[in-house]
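S.K.: I'd like to go over a predicted model; first the sequence, then the structure.
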Amino acid sequence: DLAETVEVAPGGVQATVQATVEQAAEGVHGRDCSGCAPSPGRPTLPGMATDSSSPHRLSAEQARRVAVRAQLLDAPARRRGLDVLEVVRALTMVQVDLTARVAPSAELVLWSRLGGGLDRDELPARCEEQRLVEISMRLLHHDDVALHRAEMAVWPDPALHDPYEHAAWEWALDNGGCRADVLERLRADGPLPATALPDTCVRPWGSSGWSNGKNVDKLLQVLATRGEVAVAGREGRTRLWDLAERVYADDPPPPVEAALHERGVRRLAALGVARARSAKVPGPDPDHVGEVGEPAVVEGVRGRWRVDPAQLAALEEPFEPRVALLSPLDRLVFDRKRMVELFDFDYQLEMYKPQAQRRWGYYALPVLVGDRLLGKVDATADRRAGALVVHAVHEDEPFGAETRAAVRSEIEDLAGWLGLEPVLPG
């Protein structure tokens, strides 16, 4: 956890990153990780190992427990009495997806950690206060925004960003008049929805996908990536846009290299164990972490991983399991390749499939049992009927009586939190 690495100074992220760069942290030495080798030496940045030839050797169970603990899904995390801001800061972000078959994903992610005692008004209140800020369909803690503004300030950078990002910026430059018109209108009347902004593009955005012809929507996306506009809030499901300078705090961002490193450190703390490099996913943060943390190999999985030193230390402590129902977009399962490698879990979000081709349901919730993903709950929140209707509980392997009772308890807790009555099959 970053807070255990360096105290956050009153100067904000700039001071934090500067202190991080200046203070080398000791690696984890002599940990018993099923025969892992100690990592000698002192890294130049916190968690960055100097001896990649001697990785920690984690059993499959240890790797799963590292991932579960890092995501605040073990029993002790539930007892810590965290609030919404603390959870989002620890996870680094929660994804915004407004599908409400059960509840919007961000709400489900928070409920999975905090349980039925979570005040459903707390998340919108923190967003209204802009203590949670939406960037690229992710909610971020306001103190972390400067780490992303550092990258916005150099976007698109030849060394950091893909050719399609440079092409998008060239398209925006070709439509400089529309860019000026949008910024002028926001300066005068923002925040505004995209539909209230002028489309004076001289070069239409061409795409074979959902964004084809949506010039203003695409321009706002590009300008947000550049740090010129930002989501100031929502009116129902609709994003309201404003000038970024009126949304983001004016803390000076750190140098981009330090910011990207710090984001990698925090991302690894949130994931526990991750690849140094992985396939790119949409949004402001990938699921890989670079060369931070300690090198590791995982039993039965090819290749090398990076592991958070704090989680290596936690392996010496007893693991206290719990049962949790997860959002389909929960970060524990969002990277499907990592999910299969670590948890051997067969799962897809099937809302885009024809009904006849679905195996588990439109918006099935993965079931975490301790450190294993063992099933899915197919449920619908029927708000008119006042019921959380559970169509099926899919058991990848037969649940014991204790697990079955715990899953039922979680379903009942979820229904109560939603203000609905649970309706279970059979």
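M.R.: Alright, I've got the coordinates. Residues are numbered from 1 along each chain as shown.
S.K.: and residue 296, how many residues sit next to it?
M.R.: Residues lying near residue 296 (other C-beta atoms under 10 Å) number 24. Backbone N, C-alpha and C define where each C-beta goes, glycine included.
S.K.: Does it touch residue 58 like I think?
M.R.: Yes. Taking contacts as C-beta atoms under 8 Å, residue 296 lies within contact range of residue 58: 5.4 Å.
S.K.: Might you calculate how far the helix or strand hosting residue 111 sits from the centre of the chain?
M.R.: Taking DSSP states H and E as the criterion, the element that holds residue 111 is helix 105-114. The chain centroid and the centroid of helix 105-114 are separated by 12 Å under C-alpha atoms, centre = their mean, to the nearest Å.
S.K.: who does the very next helix or strand once past it touch, helix- and strand-wise?
M.R.: With elements assigned by DSSP H and E, the helix or strand that comes after helix 105-114 is helix 122-128. If you count contacts as 3 or more C-beta pairs under 8 Å, 6 or more residues apart in numbering; DSSP states H and E, helix 122-128 packs onto helix 84-91, helix 105-114, strand 132-135, strand 229-235.
S.K.: Pull the residues that contact the next helix or strand after the first one.
M.R.: Towards the C-terminus, the helix or strand next in line after helix 84-91, according to DSSP H and E, is strand 94-95. Contacts with strand 94-95, where a contact means C-beta atoms under 8 Å, 6 or more residues apart in numbering, come from 88, 105-106, 109-110, 137-139, 283, 329, 331, 334.
S.K.: again, but for stretch 100-118
M.R.: By C-beta under 8 Å, 6+ apart, the list of residues contacting stretch 100-118 reads 72-73, 77-78, 82, 84, 87-88, 91, 94-99, 120, 123, 139, 324-331, 351, 362-363, 365, 379-381, 388, 413-414, 416-418.
S.K.: Just the ones of these in helices?
M.R.: Using DSSP state H, the members of the contacts of stretch 100-118 that fall in helices are 77-78, 84, 87-88, 91, 123, 331, 413-414, 416-418.
S.K.: pLDDT below threshold where in this structure?
M.R.: 1-53, 207-213, 281-284 (pLDDT under 70).
S.K.: again, only this time at 50
M.R.: Residues of the chain that meet the criterion pLDDT under 50 lie in 1-32, 34-51.
S.K.: ok, back up a step: dump the helices and strands packed on helix 122-128 into CSV; add mean neighbour count as well.
M.R.: Formatted as CSV, those follow (neighbours: other C-beta atoms under 10 Å):
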stretch, mean neighbour count
helix 84-91, 21
helix 105-114, 23
strand 132-135, 23
strand 229-235, 20
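S.K.: Let me have the ones you listed in a markdown table, extended by distance to residue 343.
M.R.: Output for those, formatted as a markdown table (distance: least, C-beta to C-beta, whole Å):
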| stretch | distance to residue 343 |
| --- | --- |
| helix 84-91 | 18 |
| helix 105-114 | 16 |
| strand 132-135 | 28 |
| strand 229-235 | 33 |
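S.K.: Relative to residue 181, which of the ones you listed is closest?
M.R.: The closest approach between residue 181 and any of the helices and strands packed on helix 122-128, judged by C-beta to C-beta, belongs to strand 229-235 at 12.6 Å.
S.K.: Can you list the strands that the closest one pairs with?
M.R.: For strand 229-235, the paired strands and their directions (DSSP bridges) read strand 238-243 (antiparallel).
S.K.: Going along the chain, name the helices of the stretch 251-400 of the chain.
M.R.: Here the stretch 251-400 of the chain has its helices, by DSSP state H, counting those that start in this stretch, at 256-271, 309-314, 331-334, 336-343.
S.K.: of these, which approaches residue 423 most closely?
M.R.: Residue 423 sits nearest to helix 331-334 of all the helices of the stretch 251-400 of the chain, at 25.4 Å, using C-beta to C-beta.
S.K.: any residues touching the strand ranked longest in the chain, and which ones?
M.R.: Determined from DSSP state E, the single longest strand within the chain is strand 372-382. Here strand 372-382 makes contact (C-beta under 8 Å, 6+ apart) with 64, 100-103, 325, 332-333, 339, 343, 345, 347, 360-369, 387-397, 399, 403, 407, 411, 414, 418, 420.
S.K.: now that strand against helix 336-343, angle please.
M.R.: Put simply, strand 372-382 runs at 130 degrees to helix 336-343, going by axes from the mean of the first three to the mean of the last three C-alpha atoms, to 10 degrees.
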